[in-house]
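# Please work out how this folds:
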Amino acid sequence: MDGDRRSWPRCLLAGAVFVVCMAGTTLPTPLYPLYEQKFGFAELTVTLVYAVYAFGVMGVLLLAGNVSDAVGRRPTLLWGLGFAAASAVCFLSADAVGWLYAGRLLSGLSAGLFTGAATAYVMELAPPGGRTRATFVATAANMGGLGCGPLLAGLLAEYAAEPLVLPFAVHLALVAVSALVLVRLPETVADRRPLATVRPEGLALPPQVRVVFPPAAIASFAGFALFGVFASVSPAFLARYLGVDNHAVSGLVVALAFFASTAGQLAVDRVGVARSLPVGCVVLFAGLLLLAAALYTDLLALVVLSALVGGVGQGLTFRAALAAVAAAAPADRRAAVISTLFVVAYTGISVPVIGVGLLADVLDLEGAGLVFIGCMLLLVAGAGAYLLRRPVATGRTSEERT
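Residues are numbered from 1 along each chain as shown. Reported below is the predicted structural model:
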């Protein structure tokens, strides 16, 4: 019992550190219109700045997705916090658009180190029999942190001085506190090896994972693609077409999508992992239709509703995909396998975002958004049909067997 009482607080503290790191990755979202005014760049630049982050994440996951399995969770996460701090410094120093690219790249390196390692760390800190709840803590920390970023930045930008300075100064302070918390948490990797022994594994898919991975990856790609476009261009859409120039409102709208994702993740316990993947695709489909209607009618209510519905669908698919993949992965490869799933997810964040930016230079932002939605509707429909025909066979997790 004493172990359980100590394990859950440690698990939750690790989740809080995860929140702080991920909040930094979405902190600039409601500030992009201000950067557009300051530096005079076009919509394509906004999407490229946003996508640089995703490429940073994928680069780390591909080259060092397995590093925490070797050197330990805590050293890896401390490096991630270091990159997060460096990213904040870049934004604090920004006097040209190059600083934004550098800040987003460093933010991507931070998130790349955190996604697999922090997810595995939170799950490993949980007491015996608590892996299911710990999976929710990890995924909720990920998505909740992503939601806290635009909400915090929007509130500070609208109601405090120095809108392009204060959000990053606050985040820098939170990163420092997180580092102090992290050094007091225990290491969970028993057989640690020197960094020199780590070799890039690329996309790690042990035989046990290969059956469950394809449908999980398809659903994750679709959900993250919706979030990527929503987070990168919705503040500009709200300001340009709906006349919403309140940064707090823009940040809240984006945050609602991520918070709704957390609610969707919570629903997986009732719906079940296998059913949550196809059901999540159906909900995602509905969210995309609502977003198309919002673009066509220029109604704020529909934008908010699309954020909520799409977020729930993404949460259902994301947590179910993560749970299924983590349960199938061997313990000594878990972080690397989780990192592989995130590579697919962050491909969904980056590639469609760049496509929307390119189309916005030819069409207007609404037209580019509608083209994106049409493509995503086809993808989500195909993913849902695939999952109905070949449902994920989760079997019993290692937690249930023990």
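
# So which residues of the stretch 51-200 of the chain form helices?
For the stretch 51-200 of the chain, the helices defined by DSSP state H, counting those that start in this stretch cover 67-71, 73-93, 97-125, 131-159, 166-182.

# can I get the ones you listed in CSV with mean pLDDT?
Converted to CSV, those look like this (pLDDT from 0 to 100):
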stretch, mean pLDDT
helix 67-71, 83
helix 73-93, 95
helix 97-125, 90
helix 131-159, 87
helix 166-182, 96
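
# Out of the ones you listed, which is closest to Val244?
helix 131-159 (11.1 Å; Cβ to Cβ). Yep, even glycine has a C-beta here, placed from its N, CA and C like the rest.

# Can you check what angle separates that closest one from helix 97-125?
150 degrees (axes from the mean of the first three to the mean of the last three Cα atoms, to 10 degrees).

# buried sites along helix 131-159?
Buried positions in helix 131-159, judged by neighbour count with 16 or more other Cβ atoms under 10 Å: 131-132, 134-158.

# Leaving out sequence neighbours, find the closest residue to Ala84.
Ser110 (4.2 Å; Cβ to Cβ, 6 or more residues apart in numbering).

# How about Leu363?
That would be Val371: by Cβ to Cβ, 6+ apart, it lies 7.2 Å from Leu363.

# follow-up on the earlier one: so which of the helices of the stretch 51-200 of the chain comes closest to Val211?
helix 131-159 (19.5 Å).

# Point out where this structure drops to low pLDDT.
Scanning the chain for pLDDT under 70 picks out 1-6, 65, 196-204, 335, 390-402.

# Packing partners of the helix or strand harbouring Ala320?
Assigned by DSSP states H and E, Ala320 belongs to helix 300-328. Applying 3 or more Cβ pairs under 8 Å, 6 or more residues apart in numbering; DSSP states H and E, one finds that helix 300-328 contacts helix 97-125, helix 131-159, helix 213-241, helix 247-271, helix 273-297, helix 334-362.

# between it and helix 247-271, what angle do the directions make?
Using the same axes, to 10 degrees, helix 300-328 lies at 40 degrees relative to helix 247-271.

# which parts of helix 300-328 are buried?
Neighbour count says helix 300-328 has 300, 302-328 buried, by 16+ other Cβ under 10 Å.

# sorry, back to before: figure out which of the helices and strands packed on helix 300-328 is closest to Ala176.
helix 97-125 (14.1 Å).

# Distance from that closest one to the middle of the chain?
10 Å (Cα atoms, centre = their mean, to the nearest Å).

# same deal with stretch 169-180?
Counting by Cα atoms, centre = their mean, stretch 169-180 comes out at 20 Å from the chain centroid.

# Contacts for stretch 250-259 next, please.
26, 29-30, 33, 143-144, 146-155, 157, 227, 230-231, 234-235, 238-239, 244, 303-304, 307-308, 310-311, 314 (Cβ atoms under 8 Å, 6 or more residues apart in numbering).

# One more: stretch 309-318?
Contacts of stretch 309-318 (Cβ under 8 Å, 6+ apart): 139, 143, 219-220, 222-224, 226-227, 230, 256-268, 271, 276-277, 279-288, 290-291, 345.

# ok, now stretch 153-164?
Residues contacting stretch 153-164 (Cβ under 8 Å, 6+ apart): 26-31, 34-35, 38, 91, 94, 166-167, 170, 246-252, 255.

# What of stretch 37-52?
Against stretch 37-52 from outside (Cβ under 8 Å, 6+ apart): 28, 32, 35-36, 96-97, 100-101, 104-105, 108, 164, 228, 231-233, 236, 349-351, 353-354, 356-358, 360-361, 365.

# And the buried ones among the residues you listed, selectable in PyMOL?
Here is the PyMOL command that selects the buried residues among those (16+ other Cβ under 10 Å):
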select buried, resi 28+32+35+36+97+100+101+104+105+108+164+228+231+232+233+236+349+350+353+354+356+357+360+365
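
# gap between Ala161 and Ala169?
11 Å (Cβ to Cβ, to the nearest Å).

# which of these two has more neighbours?
Ala169 (14 against 8; other Cβ atoms under 10 Å).

# I'd assumed Leu92 was in contact with the more buried one.
Yes: the pair Ala169 / Leu92 is scored as a contact, 6.7 Å apart, by Cβ atoms under 8 Å.

# Which helix or which strand is home to the residue nearest to Leu363?
Here Val371 is assigned to helix 365-389, by DSSP H and E.

# Which strands or helices does that helix pack on?
Under the contact rule (3+ Cβ pairs under 8 Å, 6+ apart), helix 365-389 is packed against helix 213-241, helix 273-297, helix 334-362.

# list the buried ones in it?
365-366, 368-373, 376-377, 379-381, 383-384, 386-387.

# so Gly348 touches Val229, yeah?
No: here Gly348 does not reach Val229: they are 9.7 Å apart, not a contact under Cβ under 8 Å.

# Next up, phi/psi of Asp298, please.
phi 60, psi 50 (degrees, to the nearest 10).

# so how far is Leu305 from Trp79?
In terms of Cβ to Cβ, Trp79 sits 40 Å off from Leu305.

# residues in contact with the residue nearest to Leu105 when sequence neighbours are not counted?
Nearest non-adjacent residue to Leu105, counting by Cβ to Cβ, 6+ apart: Gly56, 4.7 Å away. Gly56 makes contact with Arg104, Leu105, Leu106, Ser107, Gly108, Leu109, Ala111, Gly112, according to Cβ under 8 Å, 6+ apart.

# For those residues, give me JSON lines that also has distance to Ala126.
Formatted as JSON lines, these follow (distance: Cβ to Cβ, whole Å):
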{"residue": "Arg104", "distance to Ala126": "32"}
{"residue": "Leu105", "distance to Ala126": "33"}
{"residue": "Leu106", "distance to Ala126": "30"}
{"residue": "Ser107", "distance to Ala126": "28"}
{"residue": "Gly108", "distance to Ala126": "28"}
{"residue": "Leu109", "distance to Ala126": "27"}
{"residue": "Ala111", "distance to Ala126": "22"}
{"residue": "Gly112", "distance to Ala126": "23"}
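
# what's the closest of those residues to Val19?
Ala111 (12.4 Å).
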